[in-house]
Structures are given as structure tokens and as C-alpha cells.
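> Give me the fold of what follows.
(one chain, ligands or ions: 2)
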Amino acid sequence: MTLNDPVKTLKGVGPKTADLFSKIKVNTIEDVLALVPRGYLSYDEPVDIKDAVIGSRVAIEAVVQSYVDVRKIRKLTLVTCVVKDFTGSVKLVWFNSPFLKNVFHIGQTYVFVGTISSRNGQLSMEHPEYYTKQQYEMLTSTLWPIYPLTEGLSNKTVTKAVKSAFPLLDDMKESLPEQILKKYELMPRKEAIRGLHFPESMDAVMVCRKRIIFDEFFFFIARMRRIREKTIKSQNRYVVNEFSLAKEFIGNLPFELTKGQLEAVDNIWQDISGDTVMNRLIQGDVGSGKTAVAEIAILSVVGCGYQAAFMAPTEVLATQHYATLCKDFEKHNIKVALLVGSTKLSEKRRIYELLAAGEIDVVVGTHALIQDKVVYNNLALVITDEQHRFGVRQRTVLAQKGEEPHVIVMSATPIPRTLAIIMYGDLDISVMKDMPANRKPIKNCVVGPNYRPTAYKFMAKQIAMGHQIYIICPMIEASENVEAENVIDYAGQLEEYFGDTAKVVYMHGKMSAEEKNMIMADFAEKKTDILVSTTVIEVGIDNPNATVMMIENAEKYGLAQLHQLRGRVGRGDAQSYCIFLCGSDSKQAKDRLEILNKSNDGFHIANEDLKLRGPGDFFGVRQSGEVLFELGDIYNNADILKMANDAVDYAIKENYDIILPETDDVGISL
Ligand code: ADP
Ligand code: MG
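Ligands and ions are numbered 1, 2, ... in the order given. Below is the predicted model of the structure:
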């Protein structure tokens, strides 16, 4: 057996399991070993029954108190039994496991592990795991890896595969030059991998993860350098020296540009009339008006006869931008086209032809814009919206379309300048610090589930005033394993609650792009009042008439993401509201949400979040919203990022051999 052999060479991995593995991009034995656990399960010491927190997973050590009752209810076999310790009793429930009758006997002691719930004052646990005291003691002394999985592939199967691949770990090659390991005091890669699979302690996990994150950053930066070497300091060959069209557009806007917008526009005008090609990051918090700046930039080049491309990370957002541009550019007789994944093939072909012929001025789209088939006539400007959502490849390919066009990237991610330079290279940055003058700060509240009736009454009032509402749920449909609100059931309940007084619709990521676009278009045209959705609406969506955002299970998201979600309201003149509904009693969850409750400022939130978590907290949700790295987070691991940057500089200076991994391209999530 060698590291390059396919996974199915491993004992216990058949062709079916191998197929499942390939879904999580695991094809070889080396891939199995390189899997990094998403977290670890630790078995905690048993608690007294009276201290078991309802809704949480606990272990109890208890004596079997009753005979095991087996009952048939329709097709279901229900097995129940009561257990107790000195502080209380719990009813255990299993389905379709009649053999348990012969497992438990009155008077025996076991450790039961499961989620505690309470019905009419009676505590219960469904499908608890059960162990003898000795078995359980073994469990508490180890950390159990939880691997990334896919449907049909269990953690048990993956763990087994890792175990049988383990002897080959010694053959694994080092990814970094020896000298870099020494200089930066890094542990060998295979030791890091070994430690991540079966760690002794969380401290050990931290050290190992650090090494893997270092690799991620190091090779990302090395790759960016290599790309940049080729594209650095290109001559500006585009003649853009008058901005009459853009100025006319500004004059016709229904609002005054903010100081930040004016400065950004000024920077862009300086850049595109300069000697070298523009490479600029426009950074502005959600709702600061980045789209208007993009429109002005587009008109600046289109006014001089060039083409522009505007790329967004999701179809929903691309479609919205397309609608905005069509409306805003109509009277200027500018031809705008939309190119997304779901565009019909015949339509795509037509657009390719028109683009190549120069008959389309502006093309808006998703990564469909960077396919090989797309040839531009005289592309002078590429703008990427929500830049942090794109993978490395997407970031660079579009910039290489045409002949080194001007590039603007836009992001709401409040990234410090030093990090920005590492991430995006030698680019110039315009920061838009102020919000449009008409805005009223969003009013926030953090509440528990018992607040729902109040929230619905409040929504009814807002709807009566003609406003619209977003409600976010983490799940698409009900799931046995996860306790969280889901879009489909939630929308059903709201329909019942509101009856004829409000039109409720729902949306989620598994719907087709056409469906999603229809739903968003209806919502934009105010045909619907309440949109219940997963986080597919997170980025960019702009409907200034929506005034209420309610986020169910807010504890399940990172603060950056919650801030993005909240940013869907408060985009017009009307007072807007954000209701964070916390489904957990944990103090930590509440403390985090309190940060959002107190501030609407993305920069401030990112900083506070960082302080609260400390660099050790990596199992929580990621905070930057970056999707480039699997483990690394440019905020939480800013120190490693800087170190890796330094190491790349050093390796290049010393001429060390850096072998880039074949592919580290992370696609678009969502
Ligand atoms: P983001 O920066 O989050 O992309 P958008 O560009 O979508 O924000 O702008 C949010 C809303 O604010 C839009 O409806 C837009 O028309 C409006 N807007 C943009 N600039 C201004 C301004 N200077 N004054 C008033 N409203 C503005
Ligand atoms: Mg935007």
C-alpha cells in the first residue's frame, strides 16, 4: 500500500464508500490522512440529574429503576425504561430497538449519554448511548475526532479508514522547506496530522492546527506572489480622460453621495487616468453604498467606449445588480447583459457573440463571466463585489481577461490594512467610513423564543405600514439531528398566523436559481410581505423597503455573518429593526449577541468578537466570512498569517524551492 493508492485499497472501504469519500474530495490514502477533524467529541464526567440542563447533551450515571417496557404503536416499537440517581429520575426512550429488553435489568448502573428534554415535568432522553462505568471511563480520557462528512458517510467509517491508513503516515512528505521549519519553529507536517487525528488534549490540537493553518496561508501567499509577479505594474493603455457621462449620472442621482463615496470615486478617476493599471479595494460597511460607486466607475470607462464587467458571488445578487444597472442606465442608452449559470445556452451564445463584437457595454454575472468562452472586445474594467466570497482562481482569472484591465474589488469585510495587503497584494484601498445621511441606526434586540408572539404583532404593524420583513432560519427542513428552526415549517406556521393579512414566502439554497430569482423579484416588487429564508440572502441583497430582520437561532452564526444579515435592513429612510432570537441559554452565546445589540459598526464588531473569543476558539463559527481557507481565519489567525507572509518573503529571498500544491482553489460557497 502507498499513499497514492485509491481509498478503496483500505480495509473495509468498498466501492460505495469510496464514492462517498470522493464527494468530500478524498480519493487517495493520503487524502484520508490529510482530513482534518472539524471538532472533537469529549465525554464529560456524568452530572447529577437535577443539574442536567434541558436541551443540552449530558452524561448521567443512573440505576435502572423499572422493567424495560416494549410497546408497539402502529409500525413503531417503543422501548422505555426509567432510571434514577440520588437527585432525580429520567425516562429513557428508544425506537425500534426491542433487543434492549434483554440489556437492562433493574438495579444495574449505567452511564447514559444524550440530550435531556422535559415533558410535563418528566425528564426524558431519546436514544441515549449507554456504557458501563468502565467503558465510560475509557471514553472520558480521550478526544474523539469528528470528521467532515457527507450524507451516507458516517464518522465511524471515516475514523476506521483513518485508523487503517495510519501506518502510512510516516511516508508522508514534508510540504515546507526544512529551513523554514527551523526558522519558524514549526513541527513536521506529519506530526501535526498525527496529532490532529487522535490528540491527547485540546492544547495539543491547537499546536497541530497551527501548523496546518500555516501551510494554508503559506501556499496561498506563495501562489498570489507567483501570479502577481506576472501582472505587476502594467501600463495603463486605456484612454479615459473625461467623465461627462459619469458626472451626468451623479447629477441625476436621487441622493447626495457621501463623503466616502465621493473620495472613492475621486480615487478611481485618478487611477484610471494615471499611468499604470488600477488595482483598488473599496471597503465599506454593509449599506454604505458600494453599488453606486461601482456604477460610476463603470460609466467612466463605458463613456469612453470601453466595456466593463461586474461580478457577484451569487446568482441572486448578480441578478439584482443587473436589474439595478438596467434601470439606472436606461436613459443613457447603455447595453447591459446578464450572464449567470442558469442563463439559457442559446442566450449565452448570443451574449458571447455580442460581447466579442463589442455590442454589449456592461456584463453583469457570476463566475460564468470568467469561463474560457467569454471573449471581450475591449474590456477596460473588472469589478468584483463581495470579493471575500470568491476563491483564488476566480480572483485572478477575470483580471487576466482582456488585456490587464483595471480592477476594483469591493468588500464589506472590515479587514485591517496590513492584512489586506497580505491578502490582496499591492493594492490601493479606499475606505468608505460614513453611511448615507438619510439612515436611521437600526434598532436591535436580543431575545428568547418566548418573544416570538410580540415579534409577530410588531411585524403585523410594520406590514400594515407597507413595509416588508425578512426572517432567517438555519435549516431548510426539519431534521432529526439538529435542533434549529427550519424555513419550510416556519413559513407554514407564519402563513397560519398571518392568514390573509400578509403574504409569506420562503427561499433556500436548494431551490433552482430561477426560483430564487423569481422570489427575490416578487419581494423587490412588494408582491410579498415576509420572506423566510436561509442565509442565501446574506450578501448584497438590497430592498430599502424591508424594515424588519428577525434571525432565528442567532447563536448559530458568526458575528460577521449576523452583521451582514442585519445589513439587509436599514437601507432606506424608514426606521429599521433587527431581532436576534437566541435559541440557547448559554451565557457565552448571549454575550456575543450583546456585541451586535450594542453596535451597528462592522469594524467595531469584528474587534470585539476577536477579544471575546480569543485566538483559541476555532470551533465556533468563522468570523471573517472568508471562504479561501479551510481551517485558517484571517482574523483569528492573524498572527499566523503574518508569520506565513514573512516566511514566503524569506523563502523567495533565499531561493528555497516552494512546491505549490496542485490545487488549492476553493470554489464559491453558497
Ligand atoms: P452596499 O455598500 O451594502 O453594497 P448598496 O450599494 O446596496 O450598499 O446601497 C444600499 C442602499 O443605499 C441602496 O438602496 C442605494 O440606492 C442607497 N444609497 C447608496 N448611496 C446612497 C447615498 N449617498 N444616499 C442615500 N442612499 C444611498
Ligand atoms: Mg453590495
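> Leaving out the residues flanking it, which one is nearest to the residue in the chain that ligand 2 sits nearest to?
Nearest residue of the chain to ligand 2: residue 540, at 4.2 Å (C-beta to the ion). Where C-beta positions appear, they are placed from N, C-alpha and C, glycine not excepted. With sequence-adjacent residues excluded and distances taken as C-beta to C-beta, 6 or more residues apart in numbering, residue 540 is closest to residue 317, at 4.1 Å.
> Report how many residues lie close to the one you found.
Neighbourhood size, residue 317 [other C-beta atoms under 10 Å]: 26.
> Check residue 492 too.
For residue 492, using other C-beta under 10 Å, the count is 14.
> So it: helix, strand or coil?
Using DSSP: H, G, I helix; E, B strand; the rest coil, the structure places residue 492 in helix.
> Quick check: it vs residue 177, distance?
58 Å (C-beta to C-beta, to the nearest Å).
> tell me the average confidence for the helix or strand containing residue 215?
Residue 215 is located in helix 202-231, with elements delineated by DSSP states H and E. Helix 202-231 carries an average pLDDT of 84.
> Number the chain from 42, please
With 42 as the first residue, the last one maps to helix 243-272.
> buried stuff in whichever helix or strand comes after that helix?
Later in the chain than helix 243-272, the nearest helix or strand by DSSP H and E is helix 285-293. Of the residues in helix 285-293, 286-288, 290-291 count as buried by neighbour count, 16 or more other C-beta atoms under 10 Å.
> Out of the residues you listed, flag the one nearest to residue 210.
Nearest to residue 210, judged by C-beta to C-beta, of the buried residues of helix 285-293 is residue 287 at 59.2 Å.
> Could you look up the SS state of residue 637?
helix.
> ok, and the closest non-adjacent residue to it?
Closest to residue 637 by C-beta to C-beta, 6+ apart is residue 603, at 5.7 Å.
> do residue 187 as well
For residue 187, the spatially nearest residue (C-beta to C-beta, 6+ apart) is residue 80, at 4.7 Å.
> Need the phi and psi values for that neighbour.
phi -170, psi -180 (degrees, to the nearest 10).
> how deep is it tucked in, by neighbour count?
13.
> any idea how far it is from residue 237?
Relative to residue 237, and taking C-beta to C-beta, residue 80 is found at 11 Å.
> The helix or strand of the chain with the lowest mean pLDDT: what's the following helix or strand?
Least confident helix or strand of the chain, by mean pLDDT, DSSP states H and E, is helix 433-441 with a mean of 60. Beyond helix 433-441 in the direction of the C-terminus, DSSP H and E gives the next helix or strand as strand 447-452.
> can you pull the contacts of residue 68?
By C-beta atoms under 8 Å, 6 or more residues apart in numbering, the residues touching residue 68 are 47-48, 62.
> and the residues you listed as a markdown table, adding pLDDT, secondary structure and neighbour count?
Shown next, in a markdown table, are the contacts of residue 68 (pLDDT from 0 to 100; DSSP: H, G, I helix; E, B strand; the rest coil; neighbours: other C-beta atoms under 10 Å):
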| residue | pLDDT | secondary structure | neighbour count |
| --- | --- | --- | --- |
| 47 | 94 | strand | 16 |
| 48 | 93 | helix | 21 |
| 62 | 94 | helix | 25 |
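> Of those residues, which is the nearest to residue 202?
For the contacts of residue 68, with residue 202 as the reference and C-beta to C-beta as the criterion, the closest is residue 48, at 6.8 Å.
> can you pull the contacts of the closest one?
54, 58-59, 62, 67-70, 72-73, 202.
> Out of the residues you listed, which comes closest to residue 597?
Using C-beta to C-beta, the contacts of residue 48 come closest to residue 597 at residue 67, 26.7 Å.
> what stretches of the stretch 42-191 of the chain score poorly on pLDDT?
Of all residues in the stretch 42-191 of the chain, none has pLDDT under 70.
> again, only using 80
82-83, 182-183 (pLDDT under 80).
> Likewise for the stretch 242-391 of the chain?
In the stretch 242-391 of the chain (pLDDT under 80), the answer is 265-275.
> Could you tell me which residues of it lie near ligand 2?
Within the stretch 242-391 of the chain, the positions near ligand 2 by C-beta under 5 Å from the ion are residue 331.
> again, 6 Å this time
Counting by C-beta under 6 Å from the ion, the positions of the stretch 242-391 of the chain adjacent to ligand 2 are 331-332.
> And stretch 680-699, how far out from the chain middle?
28 Å (C-alpha atoms, centre = their mean, to the nearest Å).
> Report the rounded mean pLDDT for that stretch.
Mean predicted confidence for stretch 680-699 is 91.
> Can you show me the CA trace of that stretch as PDB?
Output of stretch 680-699 as PDB, limited to C-alpha atoms (Å, rounded to 0.1, in the frame of the first residue of the first chain):
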ATOM      1  CA  ASP A 680      -0.500  36.200  13.800                       C
ATOM      2  CA  ILE A 681       0.000  33.000  11.700                       C
ATOM      3  CA  LEU A 682      -0.900  34.900   8.600                       C
ATOM      4  CA  LYS A 683       1.800  37.500   9.300                       C
ATOM      5  CA  MET A 684       4.300  34.800  10.100                       C
ATOM      6  CA  ALA A 685       3.500  32.900   6.800                       C
ATOM      7  CA  ASN A 686       3.800  36.100   4.900                       C
ATOM      8  CA  ASP A 687       7.200  36.700   6.400                       C
ATOM      9  CA  ALA A 688       8.200  33.100   5.600                       C
ATOM     10  CA  VAL A 689       7.200  33.500   2.000                       C
ATOM     11  CA  ASP A 690       9.400  36.600   1.700                       C
ATOM     12  CA  TYR A 691      12.200  34.800   3.300                       C
ATOM     13  CA  ALA A 692      11.900  31.700   1.100                       C
ATOM     14  CA  ILE A 693      11.900  33.800  -2.000                       C
ATOM     15  CA  LYS A 694      14.900  35.800  -0.800                       C
ATOM     16  CA  GLU A 695      16.800  32.600   0.000                       C
ATOM     17  CA  ASN A 696      15.700  30.900  -3.200                       C
ATOM     18  CA  TYR A 697      14.100  27.900  -1.400                       C
ATOM     19  CA  ASP A 698      12.200  25.500  -3.500                       C
ATOM     20  CA  ILE A 699       8.500  26.000  -2.900                       C
END
